[in-house]
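Engineer: Pasting a predicted model and its sequence here:
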Amino acid sequence: MAMLSSTSASFHRLACSSPSTPIPLLPSSASLLPKSTFTSSRNRVYFTACALKKTIQFDMEEEMEMVEDSGSETILYSISPLPLLLIAALPGAGTIRSLFGPFVELVKTLDLPGWLVHWGHPGNMAVVLFAMGGYGTYLGFRIRFSDDVDEKAMAKDLHPKLLAGMFFFFALGATGGVTSLLTSDRPILESPHAVTGLIGLALLAIQTSLPTLFEGNPGLRSVHGILGSGIMTLFLVHAALGLQLGLSY
């Protein structure tokens, strides 16, 4: 009771010291709150242990004037590509596990040699990368720089077929890699090897569509060559990461 009396007396003295500016007492539940701010799209209200009524009204009126003067609100969105790549790569793991579940159980019942399950995917993909991808890249350079008409005609015929086959077998081989990881109870899509594989397949799809635009824009031939070289470099890094992943378990 003594504490309540002293508190009431102190507020009474504050109110009487400035009769023209009465200080309203906040409810007991609000007066115990620390200083905080609640912001909406229209006003801003401050709750403190001791607040002046005119101060609150001034802040609210100022906010209203700013809203009326602006007439509209502008919302800025900031997007970073790295989280989007992670979001694109990680959440599908559960769905892929459920889809591959019956096939993985079937592979486990076949009692295949461990080395075949473990290294079958890397071996097949290495053949595709160096045989189809490597020779296809060589033919691409021969198209650009060869003076032999027959050789250039042969390269123009075989180059797109080899690279299309590379894309097909890489996409098909990805299922073998996922199966190999799941049969060994390893995580999928979280490794750098998986991320570089997804990026490489996307770039290969773009690379395949570029030749259809050559007639309208001959300059794309240079872009096609540079992008193709970059894709092959990426897949070499992808192969090194795959070897590292295979040796990790």
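Structural biologist: Yes, it's here. Numbering: from 1, shown residues only.

Engineer: How is this structure partitioned into domains?
Structural biologist: 13-70, 81-247 (automatic domain parsing).

Engineer: What is the biggest helix by length in the chain packed up against?
Structural biologist: What stands out as the longest helix in the chain, according to DSSP state H, is helix 149-183. Helix 149-183 is packed against helix 93-109, helix 114-127, helix 134-145, helix 192-209, with contacts defined by 3 or more C-beta pairs under 8 Å, 6 or more residues apart in numbering; DSSP states H and E. The way it works is simple: take the backbone N, C-alpha and C, and place the C-beta from them, glycine included.

Engineer: Include distance to V237 when you put those into JSON lines, please.
Structural biologist: Formatted as JSON lines, the helices and strands packed on helix 149-183 follow (distance: least, C-beta to C-beta, whole Å):
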{"stretch": "helix 93-109", "distance to V237": "22"}
{"stretch": "helix 114-127", "distance to V237": "13"}
{"stretch": "helix 134-145", "distance to V237": "15"}
{"stretch": "helix 192-209", "distance to V237": "6"}
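
Engineer: The ones you listed: which one's closest to D185?
Structural biologist: D185 sits nearest to helix 93-109 of all those, at 9.7 Å, using C-beta to C-beta.

Engineer: Any buried residues in that closest one, and which?
Structural biologist: Neighbour counts over helix 93-109 (16 or more other C-beta atoms under 10 Å) mark R97, F100, V104, V107 as buried.

Engineer: so where's the chain shaky on pLDDT?
Structural biologist: 1-92 (pLDDT under 70).

Engineer: Nearest to R221, out of the helices and strands packed on helix 149-183?
Structural biologist: Per C-beta to C-beta, nearest to R221 of the helices and strands packed on helix 149-183: helix 134-145, 7.6 Å.

Engineer: which residues sit against that closest one?
Structural biologist: Helix 134-145 has contacts (C-beta atoms under 8 Å, 6 or more residues apart in numbering) with 151-152, 155-156, 158-159, 162-163, 166, 221, 225, 228-229, 232.

Engineer: hmm, try it at 6 Å
Structural biologist: Residues outside helix 134-145 that contact it (C-beta atoms under 6 Å, 6 or more residues apart in numbering): K152, A155, K156, L158, H159, L162, L163, G228, M232.

Engineer: Okay, angle between that helix and helix 149-183 too, please.
Structural biologist: 150 degrees (axes from the mean of the first three to the mean of the last three C-alpha atoms, to 10 degrees).

Engineer: distance of the nearest residue to S184 once chain neighbours are set aside from T196?
Structural biologist: Leaving aside its chain neighbours, S184 sits nearest to Y249 (6.3 Å; criterion: C-beta to C-beta, 6 or more residues apart in numbering). Plainly put, Y249 is 19 Å away from T196 if you go by C-beta to C-beta, to the nearest Å.

Engineer: So between the two, which is more surrounded?
Structural biologist: T196 (18 against 9; other C-beta atoms under 10 Å).

Engineer: Could you pull up the residues touching that one?
Structural biologist: Contacts for T196 (C-beta under 6 Å, 6+ apart) come out as H238.

Engineer: Against L139, how distant is it?
Structural biologist: Distance from T196 to L139, by C-beta to C-beta: 24 Å.

Engineer: same thing with R221?
Structural biologist: Taken as C-beta to C-beta, the span from R221 to L139 is 14 Å.

Engineer: cool, and S180?
Structural biologist: 31 Å.
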